[in-house]
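Student: Sequence first, then the predicted structure, then my questions.
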Amino acid sequence: MVTLITTELIEKYRNAKGRLILLDYDGTLVDFTSVPDTSIIPGHISDILAKLIGTPQTEVVIITGRNCKEIDKILGYLPVNIISEHGAMIKKNGIWENKVSDNTLWKDTIIPVLNQITLSCPESFIEEKTFSVAWHYRNVETQSGFTHSRELISTLEKIVHSFNLKILDGNKVVEIMPKEIGKGNAVKKLLEKNIFDFILSIGDDATDEEMFECLFNNVNAFTIKVGNGDTLARYKLAGINDVLSLLKNLTI
């Protein structure tokens with residue numbers, strides 16, 4: 001399948017007059033780390049991104065759940081546009097802009113719930129971002145982490161509707177944020193302002209499904225899920241190495 005994707009994709013990429021490349025970060029370009037802020041982008045990946053960014057008529061966007069300060073620390077040296085916190089903050093031409101309401105009073109209700117589950121689940125931890133809050137259980141024993149995550153989601157489902165929030169059940173993380181935030185909405189706004197005859201969108205977990213859904217009926221879009229599991233993406237790649245191989249082929 002990788003060969004078939006690569007052949008068709010590269011042909012359309014080379015013939016396109018306006019290209020958009022949307023790349024998730026963790027789990028797509030780099031492996032997950034036990035603590036989110038410890039992830040550093042390796043030099044060979046940086047080189048691939050730099051070549052893509054420097055290609056005429058090509059817009060490269062890193063679209064991630066990380067907060068803007070973290071992802072800027074990692075990628076700030078590259079002239080790349082970034083969508084952070086699932087669409088809440090956007091960096092365009094080096095300038096960050098807030099795209100959602102600043103009202104985060106809902107955190108006063110949600111964080112105590114997360115604190116409670118953290119106390120009952122050793123090695124789990126809370127990450128507070130500007131516009132969302134995430135509970136990570138990547139360091140927890142697999143079955144225990146999953147069981148506690150289901151318990152947390154069940155509790156949150158009774159609360160979030162009152163605050164117009166949504167729950168993202170991600171890769172060993174449960175994240176709570178306003179409904180208006182989402183990778184799908186962010187991509188939709190990109191498409192409203194620009195015309196692209198080639199779109200490549202790659203991501204690995206539930207947070208990327210909104211992006212795939214937004215592009216589902218777009219005939220110019222190649223949507224790719226990394227790893228196993230149900231998806232709205234048209235194609236799948238086994239892992240990060242396959243993603244990097246594909247992106248490298250675009251730069252040749």
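Tutor: Received, thanks.

Student: what does stretch 148-155 rub up against?
Tutor: Applying Cβ atoms under 8 Å, 6 or more residues apart in numbering, the contact partners of stretch 148-155 are 113-114, 117, 120-121, 124, 135, 137, 140, 167, 169, 172, 174. For every residue, glycine as well, the C-beta is placed using N, CA and C.

Student: How far does that stretch sit from its chain's centre?
Tutor: Here stretch 148-155 is found 22 Å from its chain centre; the criterion is Cα atoms, centre = their mean, to the nearest Å.

Student: do stretch 118-137 as well
Tutor: Centroid separation for stretch 118-137 versus its chain: 18 Å, with Cα atoms, centre = their mean.

Student: Output that stretch as PDB, restricted to C-alpha atoms.
Tutor: This file holds the C-alpha atoms of stretch 118-137, laid out as PDB (Å, rounded to 0.1, in the frame of the first residue of the first chain):
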ATOM      1  CA  THR A 118      -4.800  11.500  39.300                       C
ATOM      2  CA  LEU A 119      -4.700  10.600  43.000                       C
ATOM      3  CA  SER A 120      -6.200   7.200  42.300                       C
ATOM      4  CA  CYS A 121      -4.000   6.500  39.400                       C
ATOM      5  CA  PRO A 122      -0.300   6.800  40.200                       C
ATOM      6  CA  GLU A 123       2.100   8.000  37.400                       C
ATOM      7  CA  SER A 124      -0.800   9.800  35.600                       C
ATOM      8  CA  PHE A 125      -0.500  13.600  35.400                       C
ATOM      9  CA  ILE A 126      -2.400  16.700  34.400                       C
ATOM     10  CA  GLU A 127      -1.300  19.100  31.700                       C
ATOM     11  CA  GLU A 128      -3.000  22.500  31.700                       C
ATOM     12  CA  LYS A 129      -2.800  24.400  28.400                       C
ATOM     13  CA  THR A 130      -4.100  27.800  27.600                       C
ATOM     14  CA  PHE A 131      -7.500  26.700  26.200                       C
ATOM     15  CA  SER A 132      -7.700  23.000  27.300                       C
ATOM     16  CA  VAL A 133      -6.700  20.600  30.000                       C
ATOM     17  CA  ALA A 134      -5.300  17.100  29.400                       C
ATOM     18  CA  TRP A 135      -5.000  14.100  31.700                       C
ATOM     19  CA  HIS A 136      -2.100  11.800  30.600                       C
ATOM     20  CA  TYR A 137      -1.800   8.100  31.400                       C
END
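
Student: List the buried residues in it.
Tutor: Neighbour-count burial for stretch 118-137 flags 118, 121, 124-125, 127, 129, 131-137 (criterion: 16 or more other Cβ atoms under 10 Å).

Student: now stretch 234-247
Tutor: Neighbour counts over stretch 234-247 (16+ other Cβ under 10 Å) mark 235, 236, 237, 240, 242, 243, 244, 246, 247 as buried.

Student: Over to stretch 24-34?
Tutor: In stretch 24-34, counting by 16+ other Cβ under 10 Å, buried: 24, 25, 26, 27, 28, 29, 30.

Student: hmm, back to that, which one of the buried residues of stretch 118-137 is nearest to residue 87?
Tutor: Nearest to residue 87 among the buried residues of stretch 118-137: residue 131, at 9.3 Å, using Cβ to Cβ.
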